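Trainee: sequence-free structure coming up:
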């Protein structure tokens with residue numbers, strides 16, 4: 001599809017070396033896609049970040065889809081999305097763009113140490129980039145980055161919206177089929193922890209003869225909106241096949257369709273989505289004969305992810321696994337079809353008897369489906385919890401035990417525990433050096449703890465720290481939510 005380059009955009013990649021030998025990619029779109037002057041650019045982006053989103057979501061954003069056109073056209077749409085992360089801190093941002101001007105197959109990461117904009121320099125997460133480049137679908141194709149603005153145009157919004165420094169993983173996604181989309185998503189997924197934001201750079205429908213797409217000739221404004229909402233429906237449902245079906249049936253000219261597909265395959269099941277802003281360039285110019293649609297979305301991790309049927313299935317997986325483990329039988333094999341049980345989420349399995357704890361082990365992140373995590377943690381809770389090495393559950397106790405499962409959201413670090421930790425809502429993970437410990441959300445309510453008791457007891461009895469270690473800024477305190485369900 002065709003794209004018009006604005007006057008002033010440099011046509012070759014510009015690299016600069018610092019005094020310590022590090023190499024950065026200098027901006028190629030400053031003065032064209034957006035202002036080259038630092039103060040002017042900062043003021044413009046700050047104004048866009050005041051844009052109220054059309055709808056909002058509760059929870060910490062984990063991903064954003066944002067346009068990459070000239071700021072005077074798409075800036076308000078991008079600003080409405082990035083306003084959702086304004087003032088938040090992320091240690092890493094993964095940006096998925098496209099190659100407008102050079103052919104590209106697979107994915108490309110430029111071999112530099114940083115990306116620069118008029119607002120400053122953003123260091124790359126070299127460790128993460130190196131790991132990705134070890135995969136067969138990731139390469140370095142300098143020509144694809146030379147004039148490319150899809151990643152670059154997202155960076156000023158990140159620089160002005162996010163609090164503190166972050167490292168960048170800039171990836172251009174080229175031509176990939178459905179299987180390669182899944183494969184790339186699997187490589188990116190381990191990076192998407194609670195301190196990482198995923199940004200997909202994409203404009204939506206490119207309409208008009210200039211773009212070789214004239215699907216309708218009447219009621220263009222209304223039909224463009226219908227088309228955008230039809231595309232948004234499978235995206236918001238994380239329905240990759242539904243999104244592909246939309247593209248096939250409509251020929252919709254969404255330039256970032258490939259990175260959007262990666263996002264749909266990479267985000268954890270249960271993620272929630274909301275439209276931040278929609279309009280078209282035609283709404284601004286009055287010209288609908290040649291119009292580009294701008295649609296931005298924000299994704300958060302949903303708190304309640306497992307329905308009643310899924311809960312029953314997971315409890316059955318845990319129960320049968322624990323019974324087999326205690327009796328010394330072979331681990332059962334499960335055929336689990338529920339899509340909500342295929343997401344890569346952390347979980348804890350807790351075993352009690354007569355109200356007394358007899359085992360509790362879990363993990364915060366996972367690289368395999370949730371039902372397998374529950375199966376492994378159920379076995380570990382029954383056989384491997386070191387606190388109960390001398391009194392493992394016996395076969396004659398199996399009818400008396402109760403099983404509880406906690407499915408976890410991603411963690412996020414808090415700066416002021418007394419303000420940011422909510423009793424009964426948040427679990428806590430406290431870490432200092434090599435010592436760490438956690439309390440699930442239900443611990444506070446089950447033991448009638450105050451907030452200070454919750455924090456202090458976790459420090460002293462779970463992390464092996466001083467009881468007041470949570471007050472020290474050097475101690476890391478994280479929060480997470482959990483969907484908790486158990487056997488009656």
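Mentor: Perfect, I can see it now. Please read these numbers as outputs of a predicted model, since none were measured by experiment.
Trainee: buried set for the longest helix along the chain?
Mentor: Ordering each helix of the chain by length in residues (DSSP state H) puts helix 308-327 first. Across helix 308-327, burial judged by 16 or more other C-beta atoms under 10 Å covers 310-311, 313-326. For the C-beta atoms, the positions are set from N, CA and C on the backbone; glycine is no exception.
Trainee: state the pair within these that is farthest apart.
Mentor: 310 and 326 (24.8 Å; C-beta to C-beta).
Trainee: element containing the residue nearest the centre of the chain?
Mentor: For the chain, residue 62 is the residue whose C-alpha lies nearest the centre (C-alpha atoms, centre = their mean; 3.5 Å). Element membership for residue 62 (DSSP states H and E) is strand 61-66.
Trainee: for that strand, packing partners?
Mentor: Contacts defined by 3 or more C-beta pairs under 8 Å, 6 or more residues apart in numbering; DSSP states H and E place strand 61-66 against helix 71-82, strand 196-201, helix 257-266, strand 291-301.
Trainee: tell me the contacts of the residue lying closest to residue 363 once chain neighbours are set aside?
Mentor: The shortest distance from residue 363 to any non-neighbouring residue, by C-beta to C-beta, 6 or more residues apart in numbering, is to residue 346 (5.1 Å). Contact partners of residue 346, counting by C-beta atoms under 8 Å, 6 or more residues apart in numbering, are 362-366, 373, 407-408.
Trainee: which one of those is nearest residue 26?
Mentor: Using C-beta to C-beta, those come closest to residue 26 at residue 365, 35.8 Å.
Trainee: SS state for the closest one?
Mentor: Taking DSSP: H, G, I helix; E, B strand; the rest coil as the rule, one finds residue 365 in the coil state.
Trainee: before we move on, what about residue 39?
Mentor: Secondary structure, three-state DSSP: residue 39 is helix.
Trainee: look up how far residue 48 lies from it.
Mentor: Distance check for residue 39 against residue 48: by C-beta to C-beta, to the nearest Å, it reads 15 Å.
Trainee: more neighbours: which of those two?
Mentor: More crowded of residue 39 and residue 48, by other C-beta atoms under 10 Å: residue 48, with 23 against 10.
Trainee: and stretch 39-49, how far from the chain's centre?
Mentor: Distance, stretch centre to chain centre, for stretch 39-49: 25 Å (C-alpha atoms, centre = their mean, to the nearest Å).
Trainee: quick one: buried residues of it?
Mentor: Buried positions in stretch 39-49, judged by neighbour count with 16+ other C-beta under 10 Å: 41-42, 44-45, 48-49.
Trainee: widest-spaced pair of these?
Mentor: Pairwise distances across the buried residues of stretch 39-49 peak at 12.5 Å for 41 and 49 (criterion: C-beta to C-beta).
Trainee: hmm, back to that, who are the packing partners of the longest helix of the chain?
Mentor: Partner elements for helix 308-327 (3+ C-beta pairs under 8 Å, 6+ apart): helix 370-383, strand 401-408, strand 482-486.
Trainee: put together CSV for the ones you listed, with mean pLDDT, distance to residue 98 and mean neighbour count on each row.
Mentor: Shown next, in CSV, are the helices and strands packed on helix 308-327 (pLDDT from 0 to 100; distance: least, C-beta to C-beta, whole Å; neighbours: other C-beta atoms under 10 Å):
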stretch, mean pLDDT, distance to residue 98, mean neighbour count
helix 370-383, 95, 32, 24
strand 401-408, 93, 33, 23
strand 482-486, 84, 36, 18
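Trainee: make a markdown table out of these and add distance to residue 148.
Mentor: What follows is those, written out as a markdown table (distance: least, C-beta to C-beta, whole Å):
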| stretch | distance to residue 148 |
| --- | --- |
| helix 370-383 | 37 |
| strand 401-408 | 37 |
| strand 482-486 | 41 |
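Trainee: between these, which one is nearest to residue 442?
Mentor: Of all the helices and strands packed on helix 308-327, strand 482-486 sits nearest to residue 442, with 5.7 Å by C-beta to C-beta.
Trainee: give me the residues contacting the closest one.
Mentor: 303-306, 311, 314-315, 348, 350, 402-409, 427, 440-442.
Trainee: so how far is stretch 415-426 off the chain centroid?
Mentor: Averaging C-alpha positions (C-alpha atoms, centre = their mean) puts stretch 415-426 22 Å from its chain's average.
Trainee: ends of that stretch, what's the gap?
Mentor: Start and end residues of stretch 415-426 are separated by 14 Å (C-alpha to C-alpha, to the nearest Å).
Trainee: quick one: low-confidence ranges for the chain?
Mentor: 1-21, 269-270, 302-305, 307, 339 (pLDDT under 70).
Trainee: what's in contact with stretch 274-284?
Mentor: Here stretch 274-284 makes contact (C-beta under 8 Å, 6+ apart) with 51, 53-57, 69, 73, 76-77, 79-81, 83-84, 207, 220-221, 224-225, 228-229, 232, 236, 287-288, 290-298.
Trainee: got the buried residues for it?
Mentor: Neighbour-count burial for stretch 274-284, counted by 16+ other C-beta under 10 Å, picks out 274-283.
Trainee: make CSV out of the residues you listed and add distance to residue 24 and secondary structure.
Mentor: CSV is the format used below for the buried residues of stretch 274-284 (distance: C-beta to C-beta, whole Å; DSSP: H, G, I helix; E, B strand; the rest coil):
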residue, distance to residue 24, secondary structure
274, 35, strand
275, 35, strand
276, 30, strand
277, 31, strand
278, 35, strand
279, 34, strand
280, 35, strand
281, 32, helix
282, 37, helix
283, 37, helix
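Trainee: where does the residue sitting furthest away from the middle of the chain sit: helix, strand or coil?
Mentor: Within the chain, the residue lying farthest from the chain centre (C-alpha atoms, centre = their mean) is residue 396, at 44.7 Å. Using three-state DSSP, the structure places residue 396 in helix.
Trainee: now the terminal residues of stretch 381-398, how far apart.
Mentor: End residues of stretch 381-398 are separated by 14 Å (C-alpha to C-alpha).
Trainee: mind listing what's buried along that stretch?
Mentor: Under the neighbour-count criterion of 16+ other C-beta under 10 Å, stretch 381-398 has 381-383, 385, 388, 393 buried.
Trainee: which one of the residues you listed is nearest residue 460?
Mentor: residue 385 (19.4 Å).
Trainee: many thanks, we can stop here.
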